[in-house]
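A.B. asks: below are the sequence and a predicted model; questions follow.
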Amino acid sequence: MGNTFGHLFRVTTFGESHGGGVGVVIDGCPPQLEISTEDIQCELDRRRPGQSKIATPRKESDTCEILSGVFQGKTLGTPIAILVRNKDTRPQDYSEMATTYRPSHADATYDAKYGFRNWQGGGRSSARETIGRVAAGAIAKKILQQAAGVEILGYVKRVRDLEGVIDPATVTLEEIESNIVRCPDAECANKAIEAIEQASRQGDSIGGVVECVARNVPKGWGDPVFDKLEAELAKGVMSLPASKGFEIGSGFAGTLLTGSEHNDEFYVDDAGNIRTRTNRSGGVQGGISNGENIIIRVAFKPTATIRKEQNTVNRDRQETVLAAKGRHDPCVLPRAVPMVEAMMALVLCDRFLCQRGQCGT
C-alpha cells in the first residue's frame, strides 16, 4: 500500500536503499513518445549522491536500465519498467540502527506499523526511493513539453535563514545549475554552501525551502473539490522524504494581506487572452489552472541522520545515546530540487491526460 501515485499516469516505485536496486513501473504513458535512457539519465544525474562536496559521499552512478515498454526508441503504451542497481552499499554502517531508533527518522514508526523493517539505510524510507520518481518525472516532463510546451524548473530558495532573490518567471536552468547548491542567486548560494559545510563539520544538518515553477501550463487543468490541482501538488511533494511544509502562490504570507491587496485583478492582453495582473494565486484558482505560472514552495527539514550524539531509545525501550554512522547529506535541498520537479511533472502530466480524456483539450 502507498507505493503507487497518479490516476491515469500511474507510477509505482520499488526497492530499498541497500538492496539489489530501486526503480519504477510507469503505467499510462501514451504510445509513440520518443524516449531514451539518456533522457532519463540526465535527470538522475542531478539527483545522484556523491555529486558535490555538500552531498552524501556515497558513490553511485545511478545508471538506469529500461526493462520494458520501449521499443526502437519509442514507448509502446504498455507498462514501462526502469531499474537502477545499487552498487556502493555498506549495510554494516547501519548495524547499530537495527535496534536503536534514530530521532525524527522513520525507524520507530516502521517498527510500530510492521513489527519488522529493513534497517539498512532506512529501506523504503530512504531518499534513494526517489530515484523511481525522478525517472518517471523525466518521461512526464517530455510529455508535457511536447504536448503543451510546459517547462518545469526547481531551485533552492532558502537554506536555513539565507534566502535568495529569484524571479520564477525568468530563472533559467543554467542559472540553477551554475553552483552546487542549486540556488540561482550567486551571493546567497556562496553563503549557503558555507553554512552547509559548517553544519557538516559539526556532524549536524540544516534545512530550507525549494521553490518550483511550471511555465506555460494551459488553463483548465485540475478538478473541483477533492481533486483540486493544488491539493494534488501538495500530496505529491509532501510525499517526498524530509518534506514538512507546502505553499502555493502567496502561501502563508498571503494571510498578512487584505482581500483587496491579495486579489489578482483580471485584464485582457494584446492577444485577447484573459490574464491576471499579479499572480498571488500561484497559477491555480478554484483548484483549476488559470494559465499563469504555477509556483509552489516545499519546506524540507534538516536531515534526521546526523553524526552528533543524540539521546534515544532502542527496541527494548532502554534509553541510550546514538551518533549515527553512514553517509548522509548535511542538507537535502540541492538533491531535492529534481525530486520536487519530478513530482510537479507527475501531477501535471496526470492532470493533462485527465483533461484530454474528459474534454479533448
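C.D. replies: Happy to help now that I have it.

A.B. asks: just the strands in the stretch 201-350 of the chain please.
C.D. replies: Secondary structure of the stretch 201-350 of the chain (DSSP state E, counting those that start in this stretch): strands located at 208-215, 243-248, 266-268, 274-276, 284-285, 288-289, 294-300, 310-313, 319-322.

A.B. asks: can you list those in a markdown table and add mean neighbour count, mean pLDDT and distance to residue 226?
C.D. replies: The way it works is simple: take the backbone N, C-alpha and C, and place the C-beta from them, glycine included. Listed next are the strands of the stretch 201-350 of the chain as a markdown table, based on neighbours: other C-beta atoms under 10 Å; pLDDT from 0 to 100; distance: least, C-beta to C-beta, whole Å:
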| stretch | mean neighbour count | mean pLDDT | distance to residue 226 |
| --- | --- | --- | --- |
| strand 208-215 | 24 | 98 | 21 |
| strand 243-248 | 18 | 98 | 17 |
| strand 266-268 | 9 | 97 | 27 |
| strand 274-276 | 14 | 97 | 25 |
| strand 284-285 | 22 | 98 | 15 |
| strand 288-289 | 20 | 98 | 13 |
| strand 294-300 | 25 | 98 | 19 |
| strand 310-313 | 15 | 93 | 39 |
| strand 319-322 | 13 | 91 | 41 |
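
A.B. asks: thought residue 85 was touching residue 67, still the case?
C.D. replies: No - between residue 67 and residue 85 there is no contact under C-beta atoms under 8 Å: 11.5 Å.

A.B. asks: which one of these two has more residues nearby?
C.D. replies: Taking other C-beta atoms under 10 Å, residue 67 and residue 85 do not tie; residue 85 has more neighbours (16 against 13).

A.B. asks: residue 136: neighbour count?
C.D. replies: By the criterion of other C-beta under 10 Å, residue 136 has 31 neighbours.

A.B. asks: got the angle between whichever strand or helix holds it and strand 208-215?
C.D. replies: In this assignment (DSSP states H and E), residue 136 forms part of helix 130-148. Angle between the axes of helix 130-148 and strand 208-215 is 20 degrees (criterion: axes from the mean of the first three to the mean of the last three C-alpha atoms, to 10 degrees).

A.B. asks: CA atoms only: put helix 130-148 into PDB for me.
C.D. replies: Written as PDB, here are the backbone C-alpha positions of helix 130-148 (Å, rounded to 0.1, in the frame of the first residue of the first chain):
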ATOM      1  CA  THR A 130      13.000   8.800  -5.100                       C
ATOM      2  CA  ILE A 131      15.100   7.500  -8.000                       C
ATOM      3  CA  GLY A 132      11.900   6.000  -9.400                       C
ATOM      4  CA  ARG A 133      10.100   9.200  -9.100                       C
ATOM      5  CA  VAL A 134      12.800  11.200 -10.900                       C
ATOM      6  CA  ALA A 135      13.000   8.600 -13.700                       C
ATOM      7  CA  ALA A 136       9.200   8.800 -14.200                       C
ATOM      8  CA  GLY A 137       9.300  12.500 -13.900                       C
ATOM      9  CA  ALA A 138      11.800  12.700 -16.800                       C
ATOM     10  CA  ILE A 139       9.200  11.000 -19.000                       C
ATOM     11  CA  ALA A 140       6.400  13.200 -17.700                       C
ATOM     12  CA  LYS A 141       8.400  16.300 -18.500                       C
ATOM     13  CA  LYS A 142       8.900  15.200 -22.000                       C
ATOM     14  CA  ILE A 143       5.100  14.500 -22.500                       C
ATOM     15  CA  LEU A 144       4.300  18.000 -21.100                       C
ATOM     16  CA  GLN A 145       6.900  19.700 -23.200                       C
ATOM     17  CA  GLN A 146       5.800  18.100 -26.400                       C
ATOM     18  CA  ALA A 147       2.000  18.400 -25.700                       C
ATOM     19  CA  ALA A 148       1.800  21.900 -24.300                       C
END
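
A.B. asks: picking up where we left off before, save the strands of the stretch 201-350 of the chain as TSV, and put in distance to residue 352 too.
C.D. replies: Shown next, in TSV, are those (distance: least, C-beta to C-beta, whole Å):
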stretch	distance to residue 352
strand 208-215	11
strand 243-248	18
strand 266-268	24
strand 274-276	21
strand 284-285	15
strand 288-289	10
strand 294-300	13
strand 310-313	45
strand 319-322	46
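
A.B. asks: which stretches in the stretch 201-350 of the chain count as helices?
C.D. replies: Ranges of helices within the stretch 201-350 of the chain are 229-238, 259-262, 333-359, based on DSSP state H, counting those that start in this stretch.

A.B. asks: of those helices, which stretch is the most buried?
C.D. replies: helix 333-359 (a mean of 24; mean count of other C-beta atoms under 10 Å).

A.B. asks: that helix - what's its average pLDDT?
C.D. replies: Averaged across helix 333-359, the pLDDT comes to 95.

A.B. asks: quick revisit: next helix or strand past the helix holding residue 136?
C.D. replies: Proceeding N to C from helix 130-148, the next assigned helix or strand is strand 151-159, under DSSP H and E.

A.B. asks: neighbouring strands of that next one in the sheet, and parallel or not?
C.D. replies: Applying DSSP bridges to the sheet, strand 151-159 is found paired with strand 162-163 (antiparallel), strand 208-215 (antiparallel).

A.B. asks: save those as CSV, and put in distance to residue 247 too.
C.D. replies: Putting the strands paired with strand 151-159 into CSV (distance: least, C-beta to C-beta, whole Å) gives the following:
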stretch, distance to residue 247
strand 162-163, 14
strand 208-215, 9
